[in-house]
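Participant: Provided below are the primary sequence and the corresponding predicted coordinates.
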Amino acid sequence: MLNGLNIEGTTLLHRMTVRMKLAILLVCGLALYAVSSFFVLVPAFIIAAVIYFTTGLAFREAVSRLKPILFTILILLIATAYLTSIHTAAESFFRLMAIVLFAGAVTATTATGAFIDEITRLLQPLDRLGLVRAADVGLAFGLVLRFVPDIFNHYQSIREAHRARGLKVRPLTILAPLIILTLKDADTIAMAIDARGFRRPRERLR
Amino acid sequence: MTTRDLVLIALFTAIIVVLGLIPPVTLGAVPITAQSMGVMLAGCIIGAKRGALAYVLVILMVAIGLPVLSGGRGGLAILAGPTGGYIIGWVVGAYVTGILAERLVSERQTGGRQIAGFLLASVIGGIGIVHLFGVAWLAFHTKSNLGVAFMVGSAPFIPFDLLKACIATLAARAVLAGYPLLHARA
């Protein structure tokens, strides 16, 4: 039900570490906001487009992922061009597209598991300070992925119950039973996690 | 944070993901996704801290490339794009909604007072704060002024958001009556 948006492959971007990719994305993103010359923005846009379309993503899929973002960008920039200048609008277009395309390429080349590992590693310093438990993030991810299909089944049975009674399926009558049905399992799940000792007290880990 | 809080956060994140999977209800020609009610629901039902953390988890899932947003969207491009501000605004919006709901609503009040409290919290946190972040980010990214960004990015959606605030309010009130969680300390 929830497959990652990444695609298998062996390109340079696939082989790079997650931390490296995120650092490049951040640095490039910030750097592009500092320049306004077309001599930098247009090549950046072309390079990002080449990287994005060579990640191994099928062309049609690659385009359809961009559509919602492209739509917003175009509407905004038409308004900007009309109200300020075409120059500013074009500049924003190349900058935004370069960042969006490169971000899309990072997503397409990074497995979700690798991302979760990296997040846990990046949280280690905060863990040592006692601010968050890095292991909790992975546990929470696991719980979400585990329970999405169950909650979707809850939704379907509530919908069937509506149909059986000839009621129209409306958000208002679906939300409350869906939320109550889901959250009332929280105690049982929490007890099951504690009974298995997944979240041991901090002291005992040392 | 107890294990129960962690589980409530994860379950609410899962509910938000499922709300994005169910087909949108069309009002006239405009599709209304149930997912955009999540901010108001999270704040009003599980409170400020847990509601905001549920959205931090949603953003992490988007960032690692899971298609958890309505219409199967996800990935870093959504966060880095011009509408990323609205997504960041969800965390703060859920927190503000939660703070207001915790202060304004109690289980001993009459139904009318509870509904008024939830509605105020949803409108300020779920609409005001979210659009504030969204518009500021949009204006910065497109180098346009705030007025233009508001007219293009926010104004067309606000009437529908008000309708969603009403639905979220009634749902939150029903959950408070059936399975109260708001005031259990996070």
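Facilitator: Now that the structure is in, tell me what you want to look at.

Participant: can you tell me the SS state at the residue positioned nearest the centre of chain B?
Facilitator: By C-alpha atoms, centre = their mean, chain B has its centre lying nearest to B:Val39, at 1.3 Å. The three-state label given to B:Val39 by DSSP: H, G, I helix; E, B strand; the rest coil is helix.

Participant: number of nearby residues for the residue lying closest to A:Thr112 once chain neighbours are set aside?
Facilitator: Closest residue to A:Thr112 apart from its sequence neighbours, by C-beta to C-beta, 6 or more residues apart in numbering or on different chains: A:Gly4 at 4.1 Å. All C-beta spots, glycine's among them, are computed from the backbone N, C-alpha and C. As a burial measure, A:Gly4 scores 18 neighbours (other C-beta atoms under 10 Å in any protein chain shown).

Participant: same question, A:Gly142
Facilitator: Count around A:Gly142 with other C-beta under 10 Å applied: 13.

Participant: so for it, what's the pLDDT?
Facilitator: In this model, A:Gly142 is scored at 90, pLDDT.

Participant: helices or strands up against the helix or strand hosting it?
Facilitator: Using DSSP states H and E, A:Gly142 sits in helix A:134-164. Applying 3 or more C-beta pairs under 8 Å, 6 or more residues apart in numbering or on different chains; DSSP states H and E, one finds that helix A:134-164 makes contact with helix A:112-122, helix A:124-128, helix A:171-183, helix B:3-21, helix B:48-63.

Participant: excluding sequence neighbours, find me the nearest residue to the residue most central in space within chain A.
Facilitator: Nearest to the geometric centre of chain A sits A:Thr107, at 8.1 Å (C-alpha atoms, centre = their mean). In this structure, A:Thr107 finds its nearest non-sequential neighbour in B:Gly75, 3.6 Å apart by C-beta to C-beta, 6+ apart.

Participant: now do the SS call for A:Gly166.
Facilitator: From three-state DSSP, the assignment for A:Gly166 is coil.

Participant: and it, how far from chain B?
Facilitator: As for A:Gly166, its distance to chain B is 18 Å (criterion: C-beta to the nearest C-beta, to the nearest Å).

Participant: next one: phi and psi at that residue?
Facilitator: phi 70, psi 20 (degrees, to the nearest 10).

Participant: quick revisit: neighbours around the residue nearest to A:Thr107, how many?
Facilitator: 28.

Participant: still on that earlier bit, A:Thr17: which of the helices and strands packed on helix A:134-164 is closest?
Facilitator: helix A:112-122 (8.0 Å; C-beta to C-beta).

Participant: and the angle for the closest one with helix A:134-164?
Facilitator: Between the axes of helix A:112-122 and helix A:134-164, defined by axes from the mean of the first three to the mean of the last three C-alpha atoms, to 10 degrees, the angle is 130 degrees.
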